[in-house]
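K.L.:
With the sequence up front, the predicted model follows.
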Amino acid sequence: MYGQAQIRIAELEKRDEEKDIQINLLKLQIVELRKFIFGGSREKFAPNTSNLQVDLFPQDKLAEVTVTSQQKTVTTKITTVRPNHKGRNPLPSHLRREEIIIAPTEDVTGLTPVGEEITEVLEYKQGELFVKKYVRPEYIKPTEEGTQAKRVIAALPGMPIDKCIAGCSLLAYLMVSKFVDHLPIHRILQIFQRQKVNVDASTVCGWLKQLGNLIEPLYQAHRREVLNTVSLGIDETPLKVIDKSKKGTTHQGYYWVYYNTANKLVMFDYQPGRNGQCPKDMLAGYKGHIHVDGYGAYTQFENTDDITVSNCWAHARRKFIDAQSFDNERASEVLSLIAQLYAVEKYCRENNFTTEQIKQQRQNQSVPVLTQIHEVIKTQLLTALPSSPLGMALQYTLKRWQKLNVYTQEGFLPIDNNLVENSIRPIAIGRRNWLFAGSHEAAQRSAILYSLFATCKLHNIEPVQWLTEILSKIKDHKINKIHELLPQNYNQVR
């Protein structure tokens, strides 16, 4: 009887343990679902302020990090002092000023003015649709023999679309409104209707299609410049696409995003799938580093001579942040160490270090911290449940450990892939507005525009102004110099 009771107790304990694991997994799924629906929470790790503060870099005062001490606890009281308000910011000087003089109602005859009081108020005037009317006088010039006549008339300025009622500025506005401001075409046309201008939606879609074909050579030139680098960040994001072969549902396509970290260039490439052939085709002939997450499509490049793969510390950190809700003590121990890695990066960035200085700083400061993280992870893995959030975070990081250390070998490599993810954010916003692409061809045309507009943002180029000027030039521009019209070269050729 005693032996059977022991067996029964062991079975119940095992069942309780399995239930605990299942509960933790379900909790993790709820966290991920809430992130998907309501947006991701902040990933900034806030260490426990009741721990002992030590100096990671005592000589140069690089940064302070939090560690745990069993012998002593120091409580730091933080007092926030609210600075005096500096007043509202001045209005930009480049804005047109409409001066309104308000004279006193009293009689000021014979009084000497001693000054004036100026109050500026920011106003708004609704965007204006207007018509450019090109009037070209026509002449008949007889020949010397007087037997024939020659027609003399000035040529029209270059138009991006032949026989189109929309000029360059309107076409640029439509494209920027959709792909930068995320306004669906039907909403833009509703705004036009309030100004008593009716344009058919199918007509506008036809314009966008023709413009996509027009700037295709510009996109190909952009692609060559993006891939001309030794450090390339890569990520992918889903996109719903209408496919005629799939009735009643949409096709799951993907934007593959390539980020030139040296020159701040972004390229979106639409592909119907997410398999490894997509980056393989794009990177044919590429030599350098690629910075990626843990997705299996990138493992094909690990054993190649031309490409070095490095993984993203932000993805690893994200796993431990998720695990905090289930095992805060051990997850925070790893996060405190990861924070030290980012303290090194922040210090290098704030002091404008060269790539060689960054490499040296990483070797001196980051490598010892990485060694400590490795030991902590191996120790925690001995007791962590494999299916728990902490166990999965530990396994994820340890499996990719070698690739997570690659960034310390060069100063030009980033510690994470956040720059690529930041470029993808407009896609996520746009999906909530226009929901899906009308076809696979339309998805690739969108990729062209997202690439050019994202690069405009990175180089502080006003997209409507840039595209208006480009559309007026591109048809007459030499194809072997098409790269001069790219956003990154815009200020150089003006």
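P.N.:
Received the coordinates, thanks. Numbers count the residues shown, from 1 in each chain.

K.L.:
Give me the domain ranges for the chain.
P.N.:
162-312+441-494, 313-416 (automatic domain parsing).

K.L.:
how about those domains in CSV, adding mean pLDDT and distance to Gly115?
P.N.:
C-beta: built from backbone N, CA, C; applies to glycine. CSV is the format used below for those (pLDDT from 0 to 100; distance: least, Cβ to Cβ, whole Å):
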stretch, mean pLDDT, distance to Gly115
domain 162-312+441-494, 89, 38
domain 313-416, 92, 44
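
K.L.:
what's Tyr450 in contact with, if anything?
P.N.:
Phe179, Tyr255, Phe268, Pro426, Ile427 (Cβ atoms under 8 Å, 6 or more residues apart in numbering).

K.L.:
Now, those residues that are in strands?
P.N.:
Tyr255, Phe268 (DSSP state E).

K.L.:
neighbours of Thr112, just the number please.
P.N.:
Using other Cβ atoms under 10 Å, Thr112 is surrounded by 5 other residues.

K.L.:
The longest helix seen in the chain - contacts with which helices or strands?
P.N.:
In the chain, taking DSSP state H as the definition, the longest helix is helix 2-38. Under the contact criterion of 3 or more Cβ pairs under 8 Å, 6 or more residues apart in numbering; DSSP states H and E, helix 2-38 touches helix 313-323.

K.L.:
Next, the angle from the helix it packs on to helix 2-38.
P.N.:
Helix 313-323 runs at 120 degrees relative to helix 2-38, counting by axes from the mean of the first three to the mean of the last three Cα atoms, to 10 degrees.

K.L.:
returning to that earlier point: quick check: the farthest pair among the contacts of Tyr450?
P.N.:
Phe179 and Tyr255 (12.3 Å; Cβ to Cβ).

K.L.:
Would you quantify the distance from the closest residue to Ile427 other than its chain neighbours to Glu120?
P.N.:
Nearest non-adjacent residue to Ile427, counting by Cβ to Cβ, 6 or more residues apart in numbering: Thr237, 5.5 Å away. Between Thr237 and Glu120 the computed distance is 43 Å (Cβ to Cβ, to the nearest Å).

K.L.:
For those two, work out which one has more neighbours and name it.
P.N.:
More crowded of Thr237 and Glu120, by other Cβ under 10 Å: Thr237, with 17 against 10.

K.L.:
what's the offset of the helix or strand where the more buried one lies from the middle of its chain?
P.N.:
Using DSSP states H and E, Thr237 sits in strand 231-241. Put simply, strand 231-241 sits 11 Å off its chain's centre (Cα atoms, centre = their mean, to the nearest Å).

K.L.:
repeat for stretch 93-112
P.N.:
Its chain's C-alpha centre and that of stretch 93-112 lie 48 Å apart, by Cα atoms, centre = their mean.

K.L.:
Show residues contacting that stretch.
P.N.:
Residues contacting stretch 93-112 (Cβ under 8 Å, 6+ apart): Glu120, Leu122, Glu123.

K.L.:
quick one on the thing from earlier: could you double-check that the residue nearest to Ile427 sits in contact with Ala428?
P.N.:
Yes - here Thr237 lies in contact with Ala428, judged by Cβ atoms under 8 Å, at a distance of 7.2 Å.

K.L.:
residue with max distance from the center of this structure?
P.N.:
Distance from the centre of the chain peaks at Glu145, with 67.8 Å (Cα atoms, centre = their mean).

K.L.:
part of a strand, is that one?
P.N.:
No - using DSSP: H, G, I helix; E, B strand; the rest coil, the assignment for Glu145 is coil, not a strand.

K.L.:
distance of it from Tyr139?
P.N.:
18 Å.

K.L.:
Verify the stated contact: Asp293 with Gly233.
P.N.:
No - Asp293 is not in contact with Gly233 according to Cβ under 8 Å; the separation is 10.0 Å.

K.L.:
who's in contact with the residue nearest the centre of the chain?
P.N.:
Note on the chain: the residue nearest the mean C-alpha position is Ser423, at 1.6 Å, using Cα atoms, centre = their mean. When contacts are counted by Cβ under 8 Å, 6+ apart, Ser423 is found next to Val257, Tyr259, Val266, Ala454.

K.L.:
So which of those residues sit within strands?
P.N.:
Applying DSSP E to those, the entries found in strands are Val257, Tyr259, Val266.

K.L.:
returning to what we had before: for the residue nearest to Ile427, give the beta-bridge partners.
P.N.:
Under DSSP bridges, the beta-bridge partners of Thr237 are Tyr255.

K.L.:
Surely Ala437 and Ile427 touch.
P.N.:
No - the criterion here is Cβ under 8 Å, and Ala437 misses it with Ile427 at 11.0 Å.

K.L.:
which secondary structure elements does the strand holding Thr237 contact?
P.N.:
Against strand 231-241 (3+ Cβ pairs under 8 Å, 6+ apart) you get strand 251-260, strand 288-292, helix 418-434, helix 440-458.

K.L.:
Buried ones in the second one, by neighbour count?
P.N.:
Neighbour-count burial for strand 288-292, with 16 or more other Cβ atoms under 10 Å as criterion, is recorded at His289, Ile290, His291, Val292.

K.L.:
Can you add distance to Leu95 and give the domains of the chain back as JSON lines?
P.N.:
As requested, these are exported to JSON lines (distance: least, Cβ to Cβ, whole Å):
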{"stretch": "domain 162-312+441-494", "distance to Leu95": "15"}
{"stretch": "domain 313-416", "distance to Leu95": "33"}
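
K.L.:
closest one to Ala5 among those?
P.N.:
Across the domains of the chain, closest to Ala5 is domain 313-416 (Cβ to Cβ), at 26.2 Å.

K.L.:
Kindly check the end-to-end length of that closest one for me.
P.N.:
Domain 313-416 has an end-to-end distance of 5 Å (Cα to Cα, to the nearest Å).

K.L.:
Report the separation between the residue nearest to the centre of the chain and Ala314.
P.N.:
14 Å.

K.L.:
Repeat that for Gly233.
P.N.:
If you measure Gly233 against Ala314 using Cβ to Cβ, the figure is 11 Å.

K.L.:
Please say which of these two ends up with more neighbours.
P.N.:
Between Gly233 and Ala314, Gly233 has the larger neighbour count (other Cβ under 10 Å), namely 27 against 17.

K.L.:
circling back: which residue sits closest to the residue nearest to the centre of the chain, ignoring its sequence neighbours?
P.N.:
Val266 (4.7 Å).

K.L.:
Looks like the one you found contacts Ala454 (just checking).
P.N.:
Yes - look at Val266 against Ala454 with Cβ under 8 Å: they come within range, at 4.1 Å.

K.L.:
ok, back up a step: is the residue nearest to Ser423 in a bridge, and if so with what?
P.N.:
Beta-bridge pairing for Val266 (DSSP bridges): Tyr259.

K.L.:
Mutual contacts of Ala437 and Ile427, please.
P.N.:
Joint contacts of Ala437 and Ile427 (Cβ under 8 Å, 6+ apart) are Leu239.

K.L.:
who has more neighbours, the two?
P.N.:
Higher neighbour count among Ala437 and Ile427: Ala437, with 24 against 20, using other Cβ under 10 Å.

K.L.:
Can you say which of the helices and strands packed on strand 231-241 is nearest to Asp327?
P.N.:
helix 418-434 (25.4 Å).

K.L.:
What's the local residue count around Glu302?
P.N.:
With other Cβ under 10 Å as criterion, Glu302 counts 11.
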